[in-house]
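Chemist: here is a sequence with its predicted model. Questions after.
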Amino acid sequence: MMNRLSFGWALPAYSVVLYAFLYLPIVVIVLFAFDAKSIPGLPLEGFTTDWFAASLGDARLVGSLLTSIRLALLAAVLSTALAMPAAMVLAWRPVRMKSLVLCLVLGPVVLPQLVLGLGLVVLFRAAPDLVGQPAIVLAHTTMTSSYATLMLYSRFLGFRRSYIEAAMNLGANEFVTFREIILPLIAPALIAVLLLAFTDAFGEFVVAWFLAGFTETLPIAIWTSLRQVISPKIYALSAVVILVTLAVSVSAQIWILGQSRRESEP
């Protein structure tokens, strides 16, 4: 009892330190977005929202943000569309040397991004016209489809195949069964995979830097600004991205939990 009372504070304290370590950089970015100084830093000197208007009025920053959103959304949709049938085959069909196949699927994730970027640069020398936005989309689709396949694979392993059999016995064809049974039941997993793939593709820098050509995504624009003093507009735009991302993530998690509860109800 004494040991339990003595060390009962350790786990909560460790959790507080861990979350502070994870979220303190985000808090600093948001604070600097409101700093009135032209060179943000501690201590803060005044409070202003002018940097938000300045960042949204910067054509270069807004253009790089829209480019990142467009390319990340396209890569997320493509990777999810590719991962779904692959996960269904791996989960529901007898596949020889499945462990080896799963290791190959995981390859683009475990490879260092620097090595992957160099390999893609050599590969796209055979098709130089694709360097730029097409190359970035293809690279991010390759990277995100790997863990998208593994996430959907784990979901399909727990899927109740009896639902499919019941639908087929009632006269539904394969397309109707997919549309009315499979798709609604895996919708939470699909949304989660889509959001994760979008987030990863949106913030990826190393591979995009190798393949960008004249294309400038938001991470590339931020990295370029690091050569000089970081403009407060970067902090302001980053704060907007953080807040929007958190809002979308929380909304998606609430929806996924609601769908999961409905699915578990008898």
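Modeler: In hand now; what should we look at?

Chemist: C-alpha only now, for contacts and for neighbours.
Modeler: OK.

Chemist: what's next to stretch 75-95, contact-wise?
Modeler: 98, 137-138, 140-142, 144-146, 148-150, 152-154, 156-157, 190, 193-195, 197-198, 201 (CA atoms under 8 Å, 6 or more residues apart in numbering).

Chemist: buried members of those into PyMOL, please.
Modeler: Only the buried entries of these go into this PyMOL selection, using 16 or more other CA atoms under 10 Å:
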select buried, resi 137+138+140+141+142+144+145+146+148+149+150+152+153+156+190+193+194+195+197+198+201
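
Chemist: contact partners for the nearest residue to residue 136 once chain neighbours are set aside?
Modeler: Residue nearest to residue 136 in three dimensions, not counting chain neighbours: residue 208, with 5.6 Å by CA to CA, 6 or more residues apart in numbering. Going by CA under 8 Å, 6+ apart, residue 208 touches 117, 136, 139.

Chemist: now residue 208, what's its secondary structure?
Modeler: Under DSSP: H, G, I helix; E, B strand; the rest coil, residue 208 falls in the helix class.

Chemist: mind checking how far it is from residue 107?
Modeler: Noted for residue 208: a distance of 18 Å to residue 107, by CA to CA, to the nearest Å.

Chemist: also residue 165?
Modeler: According to CA to CA, residue 165 stands 34 Å off from residue 107.

Chemist: can you check residue 185 too?
Modeler: 29 Å.

Chemist: of these two, which one has the most company?
Modeler: residue 185 (18 against 14; other CA atoms under 10 Å).

Chemist: just checking, what packs against the helix or strand hosting residue 242?
Modeler: Using DSSP states H and E, residue 242 sits within helix 232-264. Using 3 or more CA pairs under 8 Å, 6 or more residues apart in numbering; DSSP states H and E, the elements in contact with helix 232-264 are helix 10-33, helix 50-56, helix 183-203.

Chemist: mean confidence for it?
Modeler: Helix 232-264 comes out with an average pLDDT of 74.

Chemist: and if you look at stretch 87-96?
Modeler: Mean per-residue pLDDT for stretch 87-96: 82.

Chemist: same deal with stretch 203-221?
Modeler: pLDDT averaged over stretch 203-221 gives 84.

Chemist: do the same with stretch 189-198
Modeler: Here the average pLDDT along stretch 189-198 is 85.

Chemist: what's the answer for stretch 123-141, then?
Modeler: Mean predicted confidence for stretch 123-141 is 85.

Chemist: likewise stretch 166-178?
Modeler: For stretch 166-178, the per-residue pLDDT averages 76.

Chemist: and that stretch, how far out from the chain middle?
Modeler: Per CA atoms, centre = their mean, to the nearest Å, the displacement of stretch 166-178 from the mean C-alpha position of its chain is 33 Å.

Chemist: try stretch 143-158
Modeler: Worked out by CA atoms, centre = their mean, stretch 143-158 lies 14 Å from the chain centre.
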